[in-house]
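> sequence? don't have it. structure:
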């Protein structure tokens, strides 16, 4: 009598990748906190334990001692992303998504800096990127993403003015890793800057503060708006130039119902290519930019290039807080404003743009590929070959 068959081994639980971005209800999304809010991948997709797709093996690639190559699917460009935040009033919010549309990987980041309360920024955090992705309707091209940003900002403005007098700045940065493009939409003074591997940083957003934007001052005055500084206890002008009624310091935002028709929810939009050598992109609220010059932020990122993006973002915030307290020990190490920093570290993993499959020698070492990006199946095969004398791993 033949012995009974061994019981089937239960499948290993699926674990989200560390450092992934917050998922939504679209397939191919990974979670920042292990919270996949969507239904997962389609049923015909299998996911390995580390969250990656298994790589198909042909008959010539079967696992044996004589195998020297395995197929390795790796995009030529990669993006790591992390954020850091220090709260004072609880009005800064952020959100992020990573998804694949038509074979093109897109990373989307949002920073919303509230004023007059946190209701507007929290509403944008909870709903704006859903509206943005719905408006793009699966089209990852730059014109589609820019139109989606305009539509999402107007939609949020209509919703917020019906529920509160609070307002919020908006900055959306969408990175298409297949086309090597950044598409940016912004309202207000939450800025985004591109930091190349060398050279000066480049501004990606427009500044809509009334103090610094002559076009915005002309627009508001042409509509009959009143611009003036607030007054201190002695009755003297103090602080930035503001728009009255409402007393807001920037003329573009979502919400601010008490300011009326003078607030414009139409974002500035632009698309630009990635630099050939890779770059960092910093998206942050004014708590950072009011404390540090962009050149100082760029220097901080280059000094911490050996750290993870999480470490770089935390370091930048610490420098901003220390700078603000350089001549005042009162409240040391406490922020003077809500400060949110998102760092996107964009690198070329294979030298050059364009897509395609790349094959790497799993035993030879010294290749183009980061071993941490390999699937669990490949890492286990490397260890098996090493145990049988196959040589060192990459």
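Alright, I've got the coordinates. Quantities reported herein were computed from a predicted structural model and do not represent experimental measurements.
> just for the chain, where's the confidence low?
In the prediction, the chain carries residues with pLDDT under 70 at positions 1-75, 324-335, 350-394.
> buried residues in the longest strand seen in it?
Ranked by residue count, the top strand of the chain under DSSP state E comes out as strand 104-115. Within strand 104-115, the residues that count as buried by 16 or more other C-beta atoms under 10 Å are 105, 106, 107, 108, 109, 110, 111, 112, 113, 114, 115. All C-beta atoms are positioned from the backbone trio N, CA, C, and that covers glycine.
> Likewise for stretch 142-159?
The neighbour-count check on stretch 142-159 (16+ other C-beta under 10 Å) flags 142, 144-150, 152-153, 155-157, 159 as buried.
> how many other residues sit next to the closest residue in space to residue 180 that isn't next to it in sequence?
Once flanking residues are discounted, residue 180 sits nearest to residue 274: 4.4 Å by C-beta to C-beta, 6 or more residues apart in numbering. Using other C-beta atoms under 10 Å, the number of residues around residue 274 comes to 22.
> Relative to residue 247, how far out is residue 274?
With distances taken as C-beta to C-beta, to the nearest Å, residue 274 is found 39 Å from residue 247.
> Which residues does the longest helix belonging to the chain contact?
Using DSSP state H, we find that the single longest helix of the chain is helix 142-161. In this structure, residues lying in contact with helix 142-161 by C-beta atoms under 8 Å, 6 or more residues apart in numbering are 106, 119-120, 123-124, 127-129, 131-133, 135-137, 139, 166-168, 170, 172, 174, 176, 179, 181, 183, 185, 187, 254-257, 263, 265-267, 269-271.
> ok, and what's touching whichever helix or strand comes after that helix?
Note on helix 142-161: by DSSP states H and E, the next helix or strand toward the C-terminus is strand 167-168. The contact list for strand 167-168 (C-beta under 8 Å, 6+ apart) reads 91, 93, 112-116, 120-121, 123-124, 160, 188, 248, 253-256, 259, 263.
> now, which of the buried residues of strand 104-115 sits nearest residue 80?
Nearest to residue 80, judged by C-beta to C-beta, of these is residue 107 at 9.8 Å.
> I figured the closest one was touching residue 77, is that so?
No. Proximity of residue 107 to residue 77 does not meet the contact threshold set by C-beta atoms under 8 Å, at 10.9 Å.
> Mind listing the shared neighbours of these two?
What both residue 107 and residue 77 touch, as defined by C-beta under 8 Å, 6+ apart, is the set residue 177.
> before we move on, the earlier item: ok and the longest helix of the chain relative to strand 104-115, angle-wise?
In terms of direction (axes from the mean of the first three to the mean of the last three C-alpha atoms, to 10 degrees), helix 142-161 departs from strand 104-115 by 30 degrees.
> which residues does the residue nearest to residue 180 contact?
Residue 274 touches 77, 180, 181, 182, 346, counting by C-beta under 8 Å, 6+ apart.
> okay if I get the residues you listed as TSV plus neighbour count?
TSV is the format used below for the contacts of residue 274 (neighbours: other C-beta atoms under 10 Å):
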residue	neighbour count
77	22
180	18
181	18
182	24
346	21
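> Looking at these, which is nearest residue 237?
residue 182 (38.8 Å).
> Settle this for me: the closest one is touching residue 272, isn't it.
Yes. The criterion here is C-beta under 8 Å, and residue 182 meets it with residue 272 at 5.6 Å.
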